[in-house]
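Student: Sharing a model prediction with you, sequence too.
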Amino acid sequence: MWTAIYVAEGYDRAKKIEDLLKEEGFLVKMNTFSKEGDSTLYEILAPEFEAEEVQSFLIDLGII
């Protein structure tokens, strides 16, 4: 099962985070979460079994 681990505003920021996580070997994917006017939110998803590890990595990087 996939779990949302982060919500990013804007495609460029979400894609950058997704690419960074993939470079570290994490299995992640990105989905559109919400779109309102010019603002689009994207959720970064990871498998439930590694969600905690992915979040810890994002904390270490200062993203969360």
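Tutor: Structure received. Numbers count the residues shown, from 1 in each chain.
Student: any idea of the mean pLDDT in the helix or strand where residue 42 lies?
Tutor: Per DSSP states H and E, residue 42 falls inside strand 39-47. Average pLDDT, strand 39-47: 96.
Student: Name the residues of the helix or strand hosting residue 22 that come out as buried.
Tutor: Residue 22 is part of helix 11-23 when elements are defined by DSSP H and E. For helix 11-23, the neighbour count (16 or more other CB atoms under 10 Å) marks 14, 17, 18, 21 as buried. C-betas here are computed from N, CA, C, even on glycine.
Student: Then stretch 24-32?
Tutor: 26, 28, 30.
Student: Okay, the residue nearest to the first one when sequence neighbours are not counted and residue 13: tell me how far apart.
Tutor: Which is residue 26. Of all residues not flanking residue 26 in the chain, residue 54 sits nearest, at 5.3 Å (CB to CB, 6 or more residues apart in numbering). Separation of residue 54 from residue 13 (CB to CB, to the nearest Å) stands at 16 Å.
Student: Dig out what residue 31 forms beta bridges with.
Tutor: Note on residue 31: beta-bridge partners by DSSP bridges are residue 43.
Student: which residues touch it?
Tutor: 42, 43, 45 (CB atoms under 8 Å, 6 or more residues apart in numbering).
Student: Kindly report the same for residue 43.
Tutor: 4, 6, 7, 8, 30, 31, 33.
Student: how close does it get to residue 16?
Tutor: Distance from residue 43 to residue 16, by CB to CB: 15 Å.
Student: How about residue 52?
Tutor: 22 Å.
Student: Show the contacting residues for the most centrally placed residue in the chain.
Tutor: For the chain, the residue nearest the mean C-alpha position is residue 44 (2.6 Å; CA atoms, centre = their mean). Contacts for residue 44 were tallied using CB under 8 Å, 6+ apart; they are 4, 5, 6, 7, 8, 14, 17, 18, 21, 28, 29, 30.
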